[in-house]
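1. Based on what follows, work out the 3D shape:
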Amino acid sequence: NSPFWGEFRLLDIPRAPVYIRSVLSGGTMDLNMPLIRILWMGGIFVFEWAWNSRMRLTMVVAMTRELAMIATLPFLLLCCLETSAQTPGWSQPVNLKGSDSSRSEFLSMAVTPRGKVFAAWQSKNQLPWDLRAQIFLATSDGQVWSPPVAITDTGVMDRTPDIAIDGSGGPHVVWCEYGSSDILYKHFDGVGWSEAQNVSETRQGESYFPRIAIGSDNTVHFVWHDNFREGTFQVLYRSFNVANGWSPSVILSDTNFTGAFPHLVVGPGDTVHVAFCGEIPPKWSYEVFYRKGHHGSWSPIERITTDDTLESVRPDIALDRNGHPNIVWDQQLNAYGDFANGIRLVTKRGDTWSAPEVVYDTTESIRPSLAFDVNNSPHVIWYLRERANSRSSVLYSTRASGSGPWTKPVSLSIPVVADPGESVIRADAQ
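-> Below you'll find the predicted structure:
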């Protein structure tokens with residue numbers, strides 16, 4: 001902590017030796033040994049690596065930059081040997097709810113840049129199960145999960161939560177109270193949870209499936225769908241910040257047709273990007289739409305899908321590392337989810353959307369989720385339904401940044417009976 005020490009922290013860089021070579025000699029090397037930081041003062045250099053979650057490797061050298069590179073080579077070789085012995089892959093599944101025997105579904109997840117994970121879900125842990133549920137939350141430091149904690153107890157059906165993290169690392173949760181069909185929201189301020197606030201303003205209709213995102217200025221953004229208008233669902237938006245309070249609710253979908261199942265993400269400049277689906281005439285097929293807003297001003301609605309012989313539903317949206325919006329969805333032969341025939345993805349660069357890209361082209365693939373890693377590669381997971389066996393499992397695929405073939409889907413779970421709700425994938429800065 002001495003002000004006389006220069007410090008180069010790399011807590012969120014997964015391929016640290018690349019940066020060692022960059023700092024000391026300008027070259028490149030592709031190793032996976034995670035460097036935590038470099039300290040220097042005069043001719044003294046301190047290199048610190050994280051060997052694993054409980055061990056660190058520290059090297060202190062007193063020399064010039066040029067000699068420091070030479071002295072580091074044996075340690076780089078050691079890192080290389082250690083990395084080669086580690087097999088990358090997926091961890092074993094962890095049961096977040098522990099020994100609780102209740103039915104849990106509609107998982108949501110948020111990850112901080114440094115890898116702390118927050119998960120929220122609904123759990124029907126109170127009888128009668130068809131009338132009562134609570135929202136539970138658990139956290140992980142990347143190694144161990146905390147016991148789940150109930151953060152709602154309205155005495156009715158609290159369901160379909162979504163979670164986001166503010167600039168201070170505090171979780172914000174939004175959910176639907178199924179008894180009143182209102183959208184409720186609360187956040188953790190570092191000491192305790194706030195009182196629940198009504199986002200949907202107790203409208204005459206029913207409000208469902210809320211989503212939440214937080215901008216760099218800590219403005220909290222909400223979207224959901226609501227059937228307040230003559231029994232027709234519309235997508236609504238509202239925001240909150242400490243300085244200005246609550247904004248008015250805004251209808252984002254076209255009132256000439258329906259809008260439902262919105263997802264949102266906040267990008268550079270606190271621009272809000274929203275994707276949703278809706279039925280449009282004359283065939284009343286479901287299509288995917290996009291809209292963006294900035295400080296209360298919204299762009300025109302953009303129609304993403306155009307094949308009215310199919311139903312394009314349940315879109316998810318994510319920004320790649322260049323700030324471009326990407327939308328993924330599943331295609332079905334009818335609005336009831338029968339004979340879903342694949343996962344599609346599009347990217348917007350400038351004013352132009354790419355042609356739909358085939359992520360996976362087979363029946364029974366539904367409800368995809370999308371994330372981008374630090375190398376700008378997209379990662380998609382989705383549910384594969386087996387109607388004949390009344391089971392569902394989670395599949396995963398990725399590809400290189402920019403373009404290229406998608407990998408053969410990998411199953412991340414054993415098939416389970418019943419509808420598990422939403423699939424969710426998130427990426428941290430590593």
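
2. Going by C-alpha atoms from here, please, whenever you check contacts or count neighbours.
-> Fine.

3. which residues does Val394 form a beta bridge with?
-> Beta-bridge pairing of Val394 under DSSP bridges involves Tyr383.

4. correct me, but it touches Tyr383?
-> Yes. Contact criterion C-alpha atoms under 8 Å: Val394 and Tyr383 qualify, at 4.7 Å.

5. Contact partners for the nearest residue to Trp246 once chain neighbours are set aside?
-> Spatial nearest neighbour of Trp246, excluding adjacent residues (C-alpha to C-alpha, 6 or more residues apart in numbering): Phe240 at 4.5 Å. Contacts for Phe240 (C-alpha atoms under 8 Å, 6 or more residues apart in numbering) come out as Thr219, Val220, His221, Trp246, Ser247.

6. how close does Phe240 get to Leu137?
-> 22 Å (C-alpha to C-alpha, to the nearest Å).

7. Low-confidence ranges, the stretch 301-430 of the chain, go.
-> Within the stretch 301-430 of the chain, the stretches with pLDDT under 70 are 334-340, 387-389, 414-421.

8. And the buried ones among the contacts of Phe240, selectable in ChimeraX?
-> With 16 or more other C-alpha atoms under 10 Å as the criterion, this ChimeraX line picks the buried residues out of the contacts of Phe240:
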select :219,220,221
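
9. would JSON lines of the contacts of Phe240 with distance to Asp158 and pLDDT be doable?
-> Converted to JSON lines, the contacts of Phe240 look like this (distance: C-alpha to C-alpha, whole Å; pLDDT from 0 to 100):
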{"residue": "Thr219", "distance to Asp158": "24", "pLDDT": "97"}
{"residue": "Val220", "distance to Asp158": "20", "pLDDT": "98"}
{"residue": "His221", "distance to Asp158": "20", "pLDDT": "98"}
{"residue": "Trp246", "distance to Asp158": "23", "pLDDT": "96"}
{"residue": "Ser247", "distance to Asp158": "24", "pLDDT": "96"}
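
10. about what we covered before: overlap of the contact sets of Val394 and Tyr383?
-> Residues touching both Val394 and Tyr383 by C-alpha under 8 Å, 6+ apart: Ser423.

11. quick revisit: pLDDT value on the residue nearest to Trp246, please?
-> Confidence at Phe240, expressed as pLDDT, is 97.

12. Could you list the buried residues of the helix or strand encompassing it?
-> Assigning secondary structure by DSSP states H and E places Phe240 in strand 232-241. Buried residues in strand 232-241, counting neighbours by 16+ other C-alpha under 10 Å, are found at Thr232, Phe233, Gln234, Val235, Leu236, Tyr237, Arg238, Ser239, Phe240.

13. Quick one: neighbours of Val94, just the number.
-> A count of nearby residues for Val94, using other C-alpha atoms under 10 Å, gives 9.

14. sorry, that was for Val242
-> Per other C-alpha under 10 Å, the neighbour tally for Val242 reads 9.
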